[in-house]
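Engineer: I'll drop the sequence and a predicted model, then ask my questions.
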Amino acid sequence: MTIHRCNWANPANPRYVAYHDEEWGLPCHDELRLFEMLNLEGAQAGLSWETILNKRDGYRAAFDNWDAEKIAAYGPDKVAELLANPGIVRNRLKVAAAITNAQAYLRLRAEGGSLDRLLWDYVDGKPIVNDIASQEDRMAKTALSDRISKDLAKRGFKFVGSTIVYAYMQGIGMVNDHDAACFRHAECQLP
């Protein structure tokens, strides 16, 4: 029996297939993963998601398993170490953004908030389910991603443009953009 997946899931890359089959589009409420994915989506800017996914383990190791308190305290020596690390995308602005994002995230938490609450309140806790018949039906950004982008930027987050935010929303399951024929489409509609 043939399993139908979204056409973007590169079948030659087991890591990509696993990401599609186990994560992408599945509603996520785990703070650590929400923080990780926000940073990884920002790191993707100008690159393919497959590039970032292939470096995901490198990112976890380099960024202390996405411990925001540790990342927020990174100084010049750690930045230099990161910029020399081939396990991540060595872009000064993207490394600086991860540090700034950790600081913004800690402020959000200090105010009694969370990424989970902030993000999922925009959709009343329920994923938006789109009917994707072909790649052309998939959007790059929406009015909602525009609003969330502005909100995150106002809170001090970096690399959170509307297109990045929409990809983030897809990745964490706020939006179910699996092809209608994909076996994950129905599975990712669960609360």
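Structural biologist: Perfect, thanks for sending it. Just so we're clear, the structure is a prediction, and the values are computed from it rather than from any experiment.
Engineer: burial of the nearest residue to residue 83 once chain neighbours are set aside, as a residue count?
Structural biologist: Excluding the flanking residues, the one nearest residue 83 by C-beta to C-beta, 6 or more residues apart in numbering is residue 90, at 5.1 Å. (C-beta placed from N, C-alpha, C; glycine too.) Neighbour count for residue 90, taken as other C-beta atoms under 10 Å: 12.
Engineer: ok, now residue 135?
Structural biologist: Neighbours of residue 135 using other C-beta under 10 Å come to 10.
Engineer: what about the closest residue to it other than its chain neighbours, which SS state?
Structural biologist: Nearest residue to residue 135, sequence neighbours excluded (C-beta to C-beta, 6+ apart): residue 7, at 6.1 Å. The three-state assignment at residue 7 reads coil, by DSSP: H, G, I helix; E, B strand; the rest coil.
Engineer: wait, doesn't the residue nearest to residue 83 sit right on residue 82?
Structural biologist: Yes - between residue 90 and residue 82 there is a contact at 7.4 Å, judged by C-beta atoms under 8 Å.
Engineer: quick one: contacts for the residue nearest to residue 83?
Structural biologist: Going by C-beta atoms under 8 Å, 6 or more residues apart in numbering, residue 90 touches 82-84.
Engineer: if I look at the closest residue to residue 54 other than its chain neighbours, how far off is residue 22?
Structural biologist: Using C-beta to C-beta, 6+ apart and skipping residues adjacent in sequence, the residue nearest residue 54 is residue 15, 6.3 Å away. To residue 22, residue 15 is 11 Å away according to C-beta to C-beta, to the nearest Å.
Engineer: more crowded one of the two?
Structural biologist: Neighbours per residue, other C-beta under 10 Å: of residue 15 and residue 22, the larger number sits with residue 15, 13 against 9.
Engineer: Can you mark which positions in the host helix or strand of that one are buried?
Structural biologist: Per DSSP states H and E: residue 15 is located in helix 14-22. By neighbour count on 16 or more other C-beta atoms under 10 Å, the buried set for helix 14-22 is 16, 19-21.
Engineer: Just put these in CSV and tack on distance to residue 164 and pLDDT.
Structural biologist: Output for those, formatted as CSV (distance: C-beta to C-beta, whole Å; pLDDT from 0 to 100):
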residue, distance to residue 164, pLDDT
16, 19, 93
19, 17, 96
20, 19, 96
21, 23, 96
